[in-house]
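Quick one: sequence plus predicted model below, questions after.
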Amino acid sequence: MTQPITHSLDARYYTDPEIFKIEQDGLLARTWQFAGHGSQLENAGDYFAFEMAGESLFCIKGRDDVIRTFYNVCQHRAHQMVSGSGTTRVVVCPYHAWTYELTGGLRAGPNVNAVEGFDKSKICLTEVRTEIFLGFIFVNLDNDTKPMDEWFPNARKELEEWVPHFETLKPLEWVEIPEKCNWKVSVENYSECYHCSLNHPTFATGVVKPETYDIKPQGYCLRHTTECQNLKDMTYDIRSGFDHYDQYSSWFLWPMFSFQVYPGNVLNTYHWRTIDTDHVMMYRGWYSMDGAENDIARQLAVQDRETTVEEDIHLVESVQRGLKSRGYIPGPLVIDPKCGVNSEHSIMHLQKWMREAING
Ligand code: FES
Ligand SMILES: [Fe+2]
């Protein structure tokens with residue numbers, strides 16, 4: 001039986017501010033989103049604030065070593081609690097100095113005892129679901145959501161095999177890459193390698209062997225696998241001493257984060273933060289033992305920025321302009337039943353999740 005042809009998403013999914021708003025209030029508020037790296041919160045009282053799904057949030061480490069996340073809003077009259085990052089003994093609101101414990105409970109407020117029946121034990125900053133996944137902090141605004149291991153089956157276990165030194169890794173650099181396109185254009189471009197041979201010569205001839213590239217869904221994860229390029233053509237030395245050193249693999253965690261392991265077991269990440277319908281900020285993260293200077297990671301970061309990342313910016317921005325053209329009619333996806341590098345089956349899965357996010 002022949003499969004019906006699957007067409008790419010209608011252009012309005014990428015250009016309509018109403019759809020962006022639905023995603024912002026819905027999808028982003030009920031999926032696991034990257035907040036930061038655990039090493040940013042070394043000691044009790046360390047915190048950092050960040051924006052996500054139109055909300056300001058902050059992560060803070062308690063004296064019990066637990067990292068918690070709270071909405072960044074005072075439970076008195078709604079002033080913002082913290083900005084940026086820092087360290088504190090207690091969390092003090094800058095408006096009227098109500099003071100909260102690192103665990104979120106109200107500790108004291110000027111003259112609150114003058115209020116008859118005031119019960120400070122009933123007042124607490126609003127907490128957000130938080131998970132530490134291999135040292136990375138993720139949050140989900142939906143308190144009833146499933147744990148990450150159910151969203152992304154086997155990802156943690158596999159990543160531990162590919163990156164056995166996870167516990168020692170800290171960020172070496174995070175580079176911000178602004179792109180003038182809808183977040184979904186950038187995420188789709190990340191999620192297929194049909195465009196690689198033509199557009200990414202360095203990646204396709206000096207890092208991976210494109211003919212072995214494949215992408216398979218694994219729950220809400222898209223798992224990329226491929227072999228490294230012939231050793232004589234590799235742009236760097238991949239002999240790390242670990243298993244899987246001759247493979248490239250990535251785990252894209254729907255909707256906006258990806259763990260990527262370059263040959264030689266070099267961990268790097270992609271994550272995205274939406275700005276508006278036509279703009280997204282993409283971040284490339286590189287990691288090393290204790291965050292110490294590391295020639296290979298630094299060299300790869302520069303190579304990646306000057307080639308793959310730069311090449312992709314032009315692709316995604318051209319697509320965003322094209323999606324606004326009256327002349328664009330969504331074309332058929334190239335879905336090869338055998339999958340492989342020249343198939344867009346991963347885009348079919350991704351666009352199914354994108355449709356579900358809007359239409360339920
Ligand atoms: S709004 Fe925070 S103390 Fe008043
Ligand atoms: Fe690309």
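The structure has been received and is ready for your questions. Numbers count the residues shown, from 1 in each chain. Ligands and ions are numbered 1, 2, ... in the order given.

how about the helices in the stretch 251-360 of the chain?
For the stretch 251-360 of the chain, the helices defined by DSSP state H, counting those that start in this stretch occupy 295-304, 310-323, 345-359.

typo on my end, the stretch 101-250 of the chain
Listed in chain order, the helices found in the stretch 101-250 of the chain under DSSP H, counting those that start in this stretch are 148-151, 155-162, 183-190, 196-199, 201-206.

Quick one: residues in contact with the first one.
Among residues not part of helix 148-151, those counted as contacts by CB atoms under 8 Å, 6 or more residues apart in numbering are 32, 131, 133, 138, 145, 155, 156, 219, 220, 221, 253, 254. The way it works is simple: take the backbone N, C-alpha and C, and place the C-beta from them, glycine included.

How about the second one?
Contacts to helix 155-162, defined as CB under 8 Å, 6+ apart, come from residues 133-134, 148-149, 166, 218-219, 221, 223, 243-244, 247, 249, 251, 253, 259, 261, 265.

what's the answer for the third one, then?
For helix 183-190, contacts defined as CB under 8 Å, 6+ apart pick out 9, 13-14, 179, 195, 252, 255-256, 258, 270, 272, 274, 280, 282, 312, 315-316, 319-320, 323, 347, 350-351, 354.

do you know which of the helices of the stretch 101-250 of the chain lies nearest residue 19?
helix 183-190 (9.5 Å; CB to CB).

The closest one versus helix 345-359: what angle between them?
Helix 183-190 and helix 345-359 are oriented at 160 degrees to each other (axes from the mean of the first three to the mean of the last three CA atoms, to 10 degrees).

How about the stretch 101-250 of the chain: which residue is closest to ligand 1?
Closest approach between the stretch 101-250 of the chain and ligand 1, counting by CB to the nearest ligand atom: residue 109, at 6.4 Å.

My guess is that residue contacts residue 100. True?
No - counting by CB atoms under 8 Å, no contact exists between residue 109 and residue 100, whose distance comes to 9.5 Å.

Enumerate every residue touching the residue in the stretch 251-360 of the chain positioned nearest to ligand 1.
In the stretch 251-360 of the chain, no residue comes nearer to ligand 1 than residue 273, which is 26.8 Å away by CB to the nearest ligand atom. By CB under 8 Å, 6+ apart, the residues touching residue 273 are 51, 52, 256, 280, 281, 283.

Of those, which count as buried by neighbour count?
Neighbour counting with 16 or more other CB atoms under 10 Å marks 52, 256, 280, 283 as buried within these.

what's around residue 110, how many residues?
Close neighbours of residue 110, defined as other CB atoms under 10 Å, add up to 10.

picking up where we left off before, save the contacts of residue 273 as CSV, and put in pLDDT too.
CSV is the format used below for the contacts of residue 273 (pLDDT from 0 to 100):
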residue, pLDDT
51, 93
52, 89
256, 98
280, 98
281, 97
283, 97
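
Could you export those residues as TSV, including distance to residue 105?
Listed next are the contacts of residue 273 as TSV, based on distance: CB to CB, whole Å:
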residue	distance to residue 105
51	25
52	24
256	32
280	37
281	34
283	33
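
With respect to residue 40, which of those is nearest?
So of those, ranked by how close each gets to residue 40 (CB to CB), first place is residue 283, at 13.9 Å.

Does that closest one touch residue 173 like I think?
No - taking contacts as CB under 8 Å, residue 283 lies outside contact range of residue 173: 10.0 Å.

Good, we can wrap up now.
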